[in-house]
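Undergrad: Pasting a predicted model and its sequence here:
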Amino acid sequence: MIYADNAATTKLDTDALEAMKPYLIEEYGNASQPYFFAKPAKKALAAARESIAECIGADPEEIYFTSGGTESDNWAVKSVLFFSSGTRRVVTSQLEHHAVLNACHSLEKLRVPVDYLPVDNNGIVGISDLEASLHEDAALVSIMLANNEIGTIEPIQELCNIAHNRGALFHTDAVQAVGHIPIDVRALGVDMLAASAHKFNGMKGSGFLYIRRGVDLHPFSDGGSQEYGKRAGTENIAAIVAMAAALKKNCERMEESTRKLHSLEALFLDKLSGAKLDYIRNGSNTHLPGNINISIKGADGEMLLHRLDLKGICISTGSACDTVNTQVSHVIKAIHVPEEYAKGTIRITFGADNTEKEAIVIANALIDILKG
Ligand code: PLP
């Protein structure tokens, strides 16, 4: 089996697994309890918060643990419902993940106006488009840090400045970016940033929302006083510990793994070009390491996925989070990939475990299917 769909999910890191184990069996105390048995859980929670905060340049009090990217995005985006009336417009992009897009669609049903900014052919949101769309009623801008399909990294710092100059808050969906590219929330200037552990070798069903100090978001859930009273519910200590361990390790190895992933990309694409495949590489030059999104002329991405699957190779077509949908994805539409290429879009996302040999095997398998 060759797994090359690391944007969909990643393997749990073995050190993260070891770190979390004690909190599943021995140290299973509820961190909210006052007795001695709860202390290890409480300490682990604080240490994880501190470690995660350090990895993204935040303070520990600005990290709120959640059940993952979808929850974090929903919390941030739907928070506008609790803003003072009159200033509730949301501005987002056509490229967002459905966790943001569908949260916005729900807001529209509640009469919150939402603008969906176009992107250029590389998937970049235009600074001038954002400027033009920000009227007095704009309350929140939500633009993703890096796109899950084509890997494009957005100019968040500039976009965030514009939003702030017009008095709007700025949220970024950084689910694909955290643990993969350097992130400093202070340098970016964002007010909220969403992350998901299973995208950086942590557990599925855990993540966090960074909320800048001073931004008073309405609680996600009401109940106990967990997460500073903003996200009630007994914490999943084991998953949180694993998330912190995985993120720390990814951040420590980022330079080395970025180099490796870029060289796998080059190796793979050289093979395709050597076989004279007619394809377009989608996304901008500044993209997530290991992300290769290509549209092959006259091909059928869905067919390629299944043929590769039969050879034991896992890749993706369209959006990996939405595999029942076989149509051209909203991202490929938004970047205007020509029709004769668009249907032949596939995404290969290399990760920490992939090897040069695997990159060559996938490229050869693809060439065999298309030319054989
Ligand atoms: N945002 C982006 C950009 C994603 O890629 C994903 C998952 O694919 C999500 C949000 C949702 O994250 P989760 O799977 O943790 O709910």
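TA: That came in fine, so what should we check first? Numbers count the residues shown, from 1 in each chain.
Undergrad: I'd like to check which residues are in contact with the residue lying closest to P118 once chain neighbours are set aside.
TA: Distances taken as C-beta to C-beta, 6 or more residues apart in numbering place Q94 nearest to P118, at 5.8 Å, with adjacent residues excluded. Yep, even glycine has a C-beta here, placed from its N, CA and C like the rest. For Q94, the contact set (C-beta atoms under 8 Å, 6 or more residues apart in numbering) comprises 116-119, 330, 334.
Undergrad: Please tell me how far Q94 sits from the ligand.
TA: Look at Q94 and the ligand: by C-beta to the nearest ligand atom, to the nearest Å, they are 14 Å apart.
Undergrad: S72 too?
TA: Distance of S72 to the ligand, computed by C-beta to the nearest ligand atom: 8 Å.
Undergrad: contacts for the helix or strand where that residue lies?
TA: Per DSSP states H and E, S72 falls inside helix 69-78. The set of residues external to helix 69-78 that reach it, using C-beta under 8 Å, 6+ apart, is 66, 90, 92, 97, 99-100, 103-104, 106-107, 140, 142, 171, 173, 175, 192, 194-196, 199, 207-209, 217, 220, 231.
Undergrad: and it, how far from the chain's centre?
TA: Relative to the centre of its chain, helix 69-78 is centred 12 Å away, using C-alpha atoms, centre = their mean, to the nearest Å.
Undergrad: try stretch 194-214
TA: Using C-alpha atoms, centre = their mean, the offset of stretch 194-214 from its chain centre is 9 Å.
Undergrad: Same check on stretch 249-266?
TA: In terms of C-alpha atoms, centre = their mean, the centre of stretch 249-266 is set 17 Å apart from its chain centre.
Undergrad: ranges for the strands of the stretch 101-250 of the chain?
TA: 114-117, 138-142, 169-173, 192-196, 207-211 (DSSP state E, counting those that start in this stretch).
Undergrad: average pLDDT for the second one?
TA: Here strand 138-142 scores 96 as its mean pLDDT.
Undergrad: what lines up beside that strand in the sheet?
TA: Strand pairing for strand 138-142, using DSSP bridges, gives strand 89-93 (parallel), strand 169-173 (parallel).
Undergrad: Other residues contacting the first one?
TA: If I follow you right, that is strand 89-93. Applying C-beta under 8 Å, 6+ apart, the external contacts of strand 89-93 come out as 77, 80, 100-101, 104, 107, 112-119, 125, 130, 133-135, 137-144, 154, 163, 168.
Undergrad: Can I get the buried part of those as one PyMOL selection?
TA: Typed into PyMOL, the next command selects the buried ones out of the contacts of strand 89-93 (criterion: 16 or more other C-beta atoms under 10 Å):
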select buried, resi 77+80+100+101+104+107+112+114+115+116+117+119+125+130+133+134+138+139+140+141+142+143+144+154+163+168
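Undergrad: who's in contact with the closest residue to Q157 other than its chain neighbours?
TA: Counting by C-beta to C-beta, 6+ apart, L188 is the residue found nearest to Q157 once chain neighbours are left out, at 5.4 Å. L188 makes contact with 145, 156-157, 160, 172, according to C-beta under 8 Å, 6+ apart.
Undergrad: what separates stretch 73-87 from the chain centre, distance-wise?
TA: The answer for stretch 73-87 is 21 Å, by C-alpha atoms, centre = their mean.
Undergrad: Okay, now the unreliable bits of the stretch 201-350 of the chain?
TA: 318-326 (pLDDT under 70).
Undergrad: Against A174, how distant is whichever residue of the chain sits closest to the ligand?
TA: As assessed by C-beta to the nearest ligand atom, the ligand sits closest to G69 within the chain, at 2.4 Å. Here the criterion is C-beta to C-beta, to the nearest Å. By it, G69 lies 9 Å from A174.
Undergrad: what is in contact with those two at once?
TA: Listed contacts common to G69 and A174 are 194-195; contacts here mean C-beta under 8 Å, 6+ apart.
Undergrad: What about A177, how many residues nearby?
TA: Residues contacting A177 under the criterion other C-beta atoms under 10 Å number 26.
Undergrad: mind listing what it touches?
TA: A177 neighbours (C-beta under 8 Å, 6+ apart): 145-146, 153, 183, 288.
Undergrad: Greatest separation within these: which pair is it?
TA: Greatest spatial distance among those (C-beta to C-beta): I183 and L288, at 12.3 Å.
Undergrad: Thank you, goodbye.
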